[in-house]
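Participant: Build me a model:
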Amino acid sequence: MNVSCLTPSKLATLMAQGADIIAIQETWKSSEQVASMHTGDYVLYAQSRIGKGGGVAVLVRKTLRSKRIPLTIPQHDTSLEVVVVQVALDQNRDLIVASAYMRPPPQVTQSFRRLVNCLPASTPLLLCGDFNMHHPTVGAILGDFSKRGCCRIFRTVHGCGTHLG
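Facilitator: Numbers count the residues shown, from 1 in each chain. The predicted structure is shown next:
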């Protein structure tokens, strides 16, 4: 969910829904601010943007085993923000959850390719995010642009053998 500034009130509302896994985009918080938030029954995995705005997070209920999958995005690539978490659903089934934010206009960059290439193809992927497919700056070509952008993202994911959950 794109929260456009994660506040304690918004976080409490999200956690009150009772979901086991919550993906958040545009936290607009520094690493220190995110770390100080009360997450109750959840483990919080976050990636803050250097500078103003941005930021993504995944919350996983503490009753589920989870771990962050490290992914390094080069500092010069500001098109993608992502945090990736592996969640054990039961003894023999894992799920990869990625919370991503792509700045407008969306571009399938090397960082996005690196994201899908570094994930185990045998593990289902739940790719959540704000991919800015309907941004007003696109103007008259919005419809065609949105379709092309979506197709590029899904072709990249599918081409790596990753299964979307």
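Participant: Just the helices from the protein, written as ranges.
Facilitator: Using DSSP state H, the helices assigned to the chain run over residues 8-16, 31-35, 110-117, 142-159.
Participant: surely P104 meets N132?
Facilitator: Yes - checked against C-beta atoms under 8 Å, the pair P104 and N132 is within contact range at 4.0 Å. Every C-beta, even on glycine, is put in place using the N, C-alpha and C of the backbone.
Participant: Can you name the residues that contact V97?
Facilitator: 21, 23, 58, 60, 84-87, 125-126, 128 (C-beta atoms under 8 Å, 6 or more residues apart in numbering).
Participant: partners of it in the sheet?
Facilitator: V85, L126 (DSSP bridges).
Participant: pLDDT below threshold where in this protein?
Facilitator: 106, 109, 133-165 (pLDDT under 70).
Participant: how near is the residue nearest to the spatial centre of the chain to S31?
Facilitator: In the chain, the centroid-proximal residue (C-alpha atoms, centre = their mean) is S99; its distance is 1.1 Å. Going from S99 to S31 by C-beta to C-beta, to the nearest Å gives 15 Å.
Participant: Tell me how far A19 lies from E81.
Facilitator: Distance from A19 to E81, counting by C-beta to C-beta: 21 Å.
Participant: now K62
Facilitator: From K62 to E81 the distance is 25 Å (C-beta to C-beta).
Participant: cool, D94 as well?
Facilitator: D94 is 23 Å from E81, by C-beta to C-beta.
Participant: Neighbour count for the two, which is higher?
Facilitator: Per other C-beta atoms under 10 Å, whichever of D94 and E81 has more neighbours is E81, with 25 against 16.
Participant: which residues are contacting stretch 67-76?
Facilitator: So stretch 67-76 is contacted by 45, 50, 80-86, 96, 111, 114-115, 118-119 (C-beta under 8 Å, 6+ apart).
Participant: Try it again at 7 Å.
Facilitator: 45, 80, 82, 84-86, 96, 111, 115, 118 (C-beta atoms under 7 Å, 6 or more residues apart in numbering).
Participant: Next, count neighbours for T39.
Facilitator: When neighbours are counted by other C-beta under 10 Å, T39 comes out with 17.
Participant: Can you verify my assumption that it contacts V58?
Facilitator: No - counting by C-beta atoms under 7 Å, V58 is not a contact partner of T39; they are 11.2 Å apart.
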